[in-house]
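Visitor: build me a model from this:
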Amino acid sequence: MRKKRNNKVIVAMSGGVDSSVAAALLKGAGFGVRGVFMKLYPSSPRGSEKRARKVAQILKIPFYVLNFEKEFKKKVVDYFLREYKRGRTPNPCIVCNKEIKFGLLLEKALGLKADFVASGHYAKVQKKFVNSQKIRYSLIKAKDKEKDQSYFLWQLNQKQLKRILFPIGDYSKKEVRDLAKKFKLPVLNVPESQEICFIQTTVNDFLARYIKPKPGPILTIEGKKIDQHQGLSFYTIGQRKGIELPGGPFYVVKKDFKRNALIVTPFSNDKALCSKSLVAENVNWISGSPSPKALGEGLKIKAQIRYGHKAVPATITKKLKGGKIELEFGRAQRAVTPGQSVVFYLKEEVLGGGVITS
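Guide: Numbering: from 1, shown residues only. The predicted structure is shown next:
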């Protein structure tokens, strides 16, 4: 951890084991630690705030609650709904990290004269000297590869990384739990957080409150109608669960917006789900864009198309208009999904990423 005398750090505390241990480690390292619980949506669980406050009391650090409900709805929830209305499958955690945790919270922290913001993410920031006058900050995978969360952080930039600490990046989940026990923090029995924190039921139940049904045909890839769907927004590429049709199981292969048709394929034709390439937009390069020459020659990386999916060899073959790129996989990948993020890795470092469009 980057430490200078009297460094002040704001720790985003959720009431879970990871952020609680992060705060404890920073306190032990001599930082001036302040805990912050962010209230992001009306149904934010009261138990989480109560646990975070209790941990702060045990660690003897100041504790504050910041209400970001308005900003969270505008930046994260509204984005989530817009993407589903477009027929895409978004990842709100990535936007939340950029706009709220390391955007708005960092802004508040700097306003309070803090030096850093910290969280319980499984990731690492590495400081490198490019030359005597220039420093570059790299986002690196965590020690615990199963818990690594670098995929969710590809939208961060140099100004943000300069001010971010990830104290548990060099620990495994087991080691973090052992530390929580050692520090006597009341968080050992807290369940893992949900992937989409503001949805208390199912995604489709949540969407149904905001998106009107628009029925249309369910077609096989050969064009045979086999049933009717209630709206393309309620499905995602590669989805199997919920496609209850005779002769199945079936997978969603495509959404045909011109015909308002959902295209499916049976399990026996799984290859229809595979894609050799993709186009991504809103591309972010954490350390600055590679040279046109590097892109022109074909930048070889490893690409991860969803969280939990293995990063595979790929080549960025073209830089397109509007900040888009074209990427080709070494071998075809299953269920490449518009709206999800493709993240670029070079060994352990996150180079950047983009949002899959096609």
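
Visitor: nearest residue to Gly216 in space, please, no chain neighbours.
Guide: Spatial nearest neighbour of Gly216, chain neighbours left out: Asn260 (3.5 Å); criterion: C-beta to C-beta, 6 or more residues apart in numbering. Any C-beta I mention is one placed from the backbone N, CA and C, and that applies to glycine too.

Visitor: hang on, the one you found packs against Leu232?
Guide: Yes. Using C-beta atoms under 8 Å, Asn260 and Leu232 qualify as a contacting pair, with a distance of 6.7 Å.

Visitor: ok, these two, which is more surrounded?
Guide: Neighbours around Asn260 and Leu232, counted as other C-beta atoms under 10 Å, are more numerous at Leu232. The numbers are 22 against 14.

Visitor: what are the contacting residues of stretch 21-30?
Guide: Contact partners of stretch 21-30, identified using C-beta atoms under 8 Å, 6 or more residues apart in numbering, comprise 1, 3, 9, 11, 13, 33, 35, 55-56, 59, 61, 118-120, 165-168, 171, 176, 179-180, 183, 185.

Visitor: about what we covered before: let me see the contact set for the residue nearest to Gly216.
Guide: If you count contacts by C-beta under 8 Å, 6+ apart, then Asn260 has Lys214, Gly216, Pro217, Leu232 around it.

Visitor: hmm, the second one is touching Asp227, no?
Guide: Read that as Gly216. No. Between Gly216 and Asp227 there is no contact under C-beta under 8 Å: 10.4 Å.

Visitor: poorly predicted segments of this protein, please.
Guide: In the predicted model, the chain carries pLDDT under 70 at residues 1-6, 132, 194-195, 268-270, 289-297.

Visitor: which residue ranges of it form helices?
Guide: For the chain, helices defined by DSSP state H occupy the ranges 17-28, 46-59, 69-72, 78-85, 92-96, 105-111, 158-161, 173-182, 203-208, 292-297.

Visitor: of those helices, which is nearest Phe129?
Guide: Smallest distance to Phe129 across the helices of the chain (C-beta to C-beta): 13.8 Å, for helix 158-161.

Visitor: so which elements touch the closest one?
Guide: For helix 158-161, the contact count by 3 or more C-beta pairs under 8 Å, 6 or more residues apart in numbering; DSSP states H and E identifies strand 135-141 as packing neighbours.

Visitor: ok now the strand it packs on, how far from the chain's centre?
Guide: Taking C-alpha atoms, centre = their mean, to the nearest Å, the mean C-alpha location of strand 135-141 is offset from the chain mean by 17 Å.

Visitor: who touches it?
Guide: By C-beta under 8 Å, 6+ apart, the list of residues contacting strand 135-141 from outside reads 123-130, 148, 150, 153-154, 156, 158, 161-162, 169, 286-287, 345, 348-350.

Visitor: give me that answer again for 7 Å
Guide: Contacts of strand 135-141 from elsewhere in the structure, counted by C-beta atoms under 7 Å, 6 or more residues apart in numbering, are 123-130, 148, 150, 153, 156, 158, 161-162, 286-287, 348-350.

Visitor: where's the closest residue to Ala114 other than its chain neighbours relative to Leu26, distance?
Guide: With sequence-adjacent residues excluded and distances taken as C-beta to C-beta, 6+ apart, Ala114 is closest to Lys8, at 4.5 Å. Computed with C-beta to C-beta, to the nearest Å, the distance linking Lys8 and Leu26 is 10 Å.
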